[in-house]
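Asks: Mind folding the following:
(2 chains)
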Amino acid sequence: MPEQDISLNNPLDEASEGSLIRRVCSGEHAAFYELIRPYERRVYAAAFAITHNDADAEDVAQEAMLKAFKNLRQFRAESRFSTWLIQITVNEARMRRRKEHAHLVEPMVDSQDAEGNYVPRDFADWREIPSETLERKEIREKLAEALASLGEIYREVFVLRDMQHLSIEETAKALGISTASVKTRLLRARLMLRDLLAPGLGGAWSTRLNFAKGTKPW
Amino acid sequence: MVVNCERVWQEISNYLEGDIDENLRTAMDAHFARCNRCKSVLEGTRNVVQLYGDERMIDVPLGFSYRLQRRLEENAQPSRRGFLGWMVAATAAAMVVGGFEIARSSAFRRPDLRSQHAHPARGVPPEMMVVVSTAGKLFHASGCPFILDKTHVRTIAAREALNEGYAPCVRCMKKYLQADLDPGQATRS
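Replies: Numbering: from 1, shown residues only, chains lettered A, B, ... in the order given. Sure, this is the predicted structure:
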């Protein structure tokens, strides 16, 4: 018996996903929760990146899952199910935001793409920050605050690409923008976050952190 | 190829993505070896990507999964084309409006509960009137001493309270929670 080709992109998962989708479409609704369960957190995070509010993000995530369920027959396997699901979430979150902020003048998306190149402001030396740092709630909150302070077009791209690990192409598809825009916004988002976090992670916050060897990790 | 600092900053993201050609990568590596400022930008940006990429940075509210399942149970009906679809939708809507039992008979599966405190209040009569407060997270029997803010309360049906995300008070709703966990026990008490 020939060996199964395992070099493909996680074929077992995709096959299982395809099988679950077929089961849901043939009336086995119970399979839908199995299908979306791995993506619950991603969907919530995508909704939060846009709505910027816990309650709205949860509602949007639920609505998006319901829409995915109701329109599952329209899903075409040329894109990944997760990308399709995130795309629905992004659209739902944007609709919610427009509805709730209709009285505000929404800035033109293109004009938010600042002209010229971004120049880093802080050149403090960072060494590798151990992931254990994230066990500290205060650090997670600081990171969340910094992310929240980014302009929306940068936050959306950063969340999908760097937090949800979608590819550049999937991020572009989910947001309905070009891959060139994704790359430009991603660069800015990363550099802005670095500038925002450098003073804290390099100094002020670290003085309150006690590490085993008594030395700062950066 | 020689690159200056500005060029390095504009390419730093692509560098981390591995999305640059070999000549540029070599030139940037050479630049990093002699420019501490750009090396600092590189290390900082890499840290940003690594920290935010950690699973712990996605913080989902407590009870999110449960509320999602309940919403699916209560609302999800597959779309159908034509008259049959409308009939299915209308029947489903009637079932949702008409009875709390839809949630129990739904095909969606819930995971086994780990604690009585996580109990979804299936034993609470759906039409029983309960009290909720704007600031609270629980619904109560009228007069329960554990109502969070008695100045801003509403009296609504239990099924409405559940739909709005309120959970049963484990003190005043105790008998219904126990009844659902052990129907025999409720009959005996």
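
Asks: On the pLDDT front, check A:Thr89 for me.
Replies: At A:Thr89, the pLDDT value in this model is 95.

Asks: Sorry, slip of the keys, the one I care about is A:Glu14.
Replies: Reported pLDDT for A:Glu14: 74.

Asks: now swap in A:Met108 and tell me
Replies: With respect to pLDDT, A:Met108 scores 38.

Asks: go on, A:Leu150?
Replies: Model confidence at A:Leu150, given as pLDDT, is 91.

Asks: repeat for B:Ala90
Replies: For B:Ala90, the predicted pLDDT is 47.

Asks: A:His101 now?
Replies: 65.

Asks: Does B:Val132 lie in a helix or a strand, and which?
Replies: strand B:129-133 (DSSP states H and E).

Asks: That strand packs against which elements?
Replies: strand B:138-140, strand B:153-157, helix B:158-163 (3 or more CB pairs under 8 Å, 6 or more residues apart in numbering or on different chains; DSSP states H and E). Bear in mind the C-beta positions are built from the backbone N, C-alpha and C, glycine included.

Asks: angle of that strand against strand B:153-157?
Replies: In terms of direction (axes from the mean of the first three to the mean of the last three CA atoms, to 10 degrees), strand B:129-133 departs from strand B:153-157 by 150 degrees.

Asks: Quick one: mean pLDDT for strand B:129-133?
Replies: 85.

Asks: follow-up on the earlier one: could I get the helices and strands packed on strand B:129-133 as CSV with mean pLDDT and distance to chain A?
Replies: Formatted as CSV, the helices and strands packed on strand B:129-133 follow (pLDDT from 0 to 100; distance: least, CB to the nearest CB, whole Å):
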stretch, mean pLDDT, distance to chain A
strand B:138-140, 85, 17
strand B:153-157, 83, 18
helix B:158-163, 83, 12
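
Asks: For B:Gln69, which of the ones you listed is the nearest?
Replies: Of all the helices and strands packed on strand B:129-133, helix B:158-163 sits nearest to B:Gln69, with 12.7 Å by CB to CB.

Asks: List the buried residues for that closest one?
Replies: Residues B:Ala158, B:Arg159, B:Glu160, B:Ala161, B:Leu162 are the ones in helix B:158-163 that count as buried (16 or more other CB atoms under 10 Å in any protein chain shown).

Asks: Other residues contacting it?
Replies: Residues from elsewhere that reach helix B:158-163, judged by CB atoms under 8 Å, 6 or more residues apart in numbering or on different chains: B:70, B:74, B:100, B:121, B:124-130, B:132, B:139.

Asks: before we move on, the earlier item: partners of the strand holding B:Val132 in the sheet?
Replies: strand B:138-140 (antiparallel), strand B:153-157 (antiparallel) (DSSP bridges).

Asks: packing partners for whichever strand or helix holds A:Ala47?
Replies: If you go by DSSP H and E, A:Ala47 is part of helix A:40-51. With contacts taken as 3+ CB pairs under 8 Å, 6+ apart, helix A:40-51 sits against helix A:54-70, helix A:81-100, helix A:152-158, helix B:64-75.

Asks: Ok, which of these comes nearest A:Thr133?
Replies: Nearest of the helices and strands packed on helix A:40-51 (CB to CB): helix A:152-158, 19.1 Å.

Asks: wait, what's in contact with residue 149?
Replies: If you meant another chain, say so; for now it's chain A. So A:Ser149 contacts A:Leu196 (CB under 8 Å, 6+ apart).

Asks: meant chain B actually
Replies: B:Ser133, B:Thr134, B:Ala135, B:Gly136.

Asks: switch to 6 Å and redo it
Replies: B:Ser133, B:Ala135 (CB atoms under 6 Å, 6 or more residues apart in numbering or on different chains).

Asks: okay, now the nearest residue to B:Ala141 once chain neighbours are set aside: neighbour count?
Replies: Using CB to CB, 6 or more residues apart in numbering or on different chains and skipping the chain neighbours, the partner closest in space to B:Ala141 is B:Cys172 (4.2 Å). Neighbours of B:Cys172 under the rule other CB atoms under 10 Å in any protein chain shown: 20.

Asks: Looks to me like B:Cys172 is in a strand.
Replies: No - using DSSP: H, G, I helix; E, B strand; the rest coil, the assignment for B:Cys172 is coil, not a strand.

Asks: Can you name the secondary structure element that comes next after the lowest-mean-pLDDT helix or strand in chain A?
Replies: Least confident helix or strand of chain A, by mean pLDDT, DSSP states H and E, is helix A:109-112 with a mean of 39. Once helix A:109-112 ends, the next helix or strand along the chain (criterion: DSSP H and E) is helix A:137-148.

Asks: List the contacts of that following helix.
Replies: A:Thr133, A:Leu134, A:Leu193, A:Leu196, A:Leu197, A:Gly200.

Asks: Please save the CA atoms from it in CSV.
Replies: Taking Å, rounded to 0.1, in the frame of the first residue of the first chain, the C-alpha atoms of helix A:137-148 are listed here in CSV:
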residue,chain,number,x,y,z
LYS,A,137,-1.9,40.5,33.2
GLU,A,138,-0.4,44.0,33.3
ILE,A,139,1.8,43.3,30.4
ARG,A,140,-1.1,41.8,28.3
GLU,A,141,-3.1,44.9,29.2
LYS,A,142,-0.3,47.2,28.1
LEU,A,143,0.0,45.3,24.8
ALA,A,144,-3.8,45.5,24.3
GLU,A,145,-3.7,49.2,25.0
ALA,A,146,-1.0,49.8,22.5
LEU,A,147,-2.9,47.8,19.9
ALA,A,148,-6.1,49.7,20.6
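
Asks: now it, how far from the centre of its chain.
Replies: 15 Å (CA atoms, centre = their mean, to the nearest Å).

Asks: now do stretch A:66-74
Replies: 21 Å.

Asks: Is chain B within reach of that stretch?
Replies: Yes - counting by CB under 6 Å from any CB of the partner chain, chain B is contacted by stretch A:66-74 at A:Leu66, A:Phe69, A:Lys70.

Asks: distance of the last one from A:Val24?
Replies: When you say that, I think you mean A:Lys70. Relative to A:Val24, A:Lys70 is positioned 11 Å away (CB to CB, to the nearest Å).

Asks: Comparing those two, which shows the higher neighbour count?
Replies: A:Val24 (24 against 15).

Asks: Tell me which helix or strand the more buried one sits in.
Replies: Residue-wise, A:Val24 maps onto helix A:11-25 under DSSP H and E.
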